[in-house]
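Participant: Next one to model:
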Amino acid sequence: MGRDGRHLGRAAPRSGDNPRLFRAPCQMKLATLKDGTRDGCLIVVTRALARALKADHIAPTLQAALDELGLLRPQLEQLATKPMRGQSAKIFDLDPKQLMAPLPRAHQVLPTARAS
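Facilitator: Here you go, the predicted model:
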């Protein structure tokens with residue numbers, strides 16, 4: 001906490017939260033890159049939406065990352081805070097035309113008719 005009582009760089013804890021366990025959320029931007037498959041490839045995007053980093057070594061798709069977010073979140077947060085400088089096969093300049101729907105084949109629950 002700062003001298004004026006405000007929390008520095010993070011949201012204030014909600015009532016009932018244990019301040020020792022409170023952790024500021026990492027602001028990740030995840031997206032789906034067109035790669036010729038039906039589900040695309042998971043990428044982490046910079047806050048400015050200018051550069052991206054392939055994250056397919058953590059989860060192949062955004063749906064897979066969401067399904068296992070509790071387990072994969074620390075790895076994705078680490079990528080999101082990593083500086084994206086230079087060129088490599090995994091780091092690239094982002095063109096929005098390279099993106100596809102975030103969840104092209106999301107799971108859905110269809111209503112069923114009741115038996116009478």
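Participant: where in the chain is pLDDT low?
Facilitator: Across the chain, residues meeting the criterion (pLDDT under 70) sit at 1-26, 85-89, 106-110, 115-116.
Participant: Could you pull out the helices in it for me?
Facilitator: In the chain, the helices defined using DSSP state H lie at 62-67, 69-81.
Participant: Tell me which of those sits nearest to A101.
Facilitator: Nearest of those to A101, taken as CB to CB: helix 62-67 at 9.6 Å. C-beta coordinates here come from the backbone N, C-alpha and C atoms, glycine included.
Participant: For T32, find the nearest of the helices of the chain.
Facilitator: The minimum distance between T32 and the helices of the chain falls on helix 62-67, with 5.1 Å, by CB to CB.
Participant: buried sites along the closest one?
Facilitator: Of all the residues in helix 62-67, those buried under the rule 16 or more other CB atoms under 10 Å are L62, Q63, A65, L66.
Participant: Among those residues, which one sits closest to D93?
Facilitator: Distance to D93, by CB to CB, is smallest for L62 among the buried residues of helix 62-67, at 20.3 Å.
Participant: thinking again about what came up before, closest one to R51 among the helices of the chain?
Facilitator: Using CB to CB, the helices of the chain put helix 69-81 closest to R51, at 11.8 Å.
Participant: What residues sit buried inside that closest one?
Facilitator: Using 16+ other CB under 10 Å as the test for burial, helix 69-81 gives L72, L76, L79, A80.
Participant: So which elements touch it?
Facilitator: Secondary-structure packing of helix 69-81 (3 or more CB pairs under 8 Å, 6 or more residues apart in numbering; DSSP states H and E): strand 41-45.
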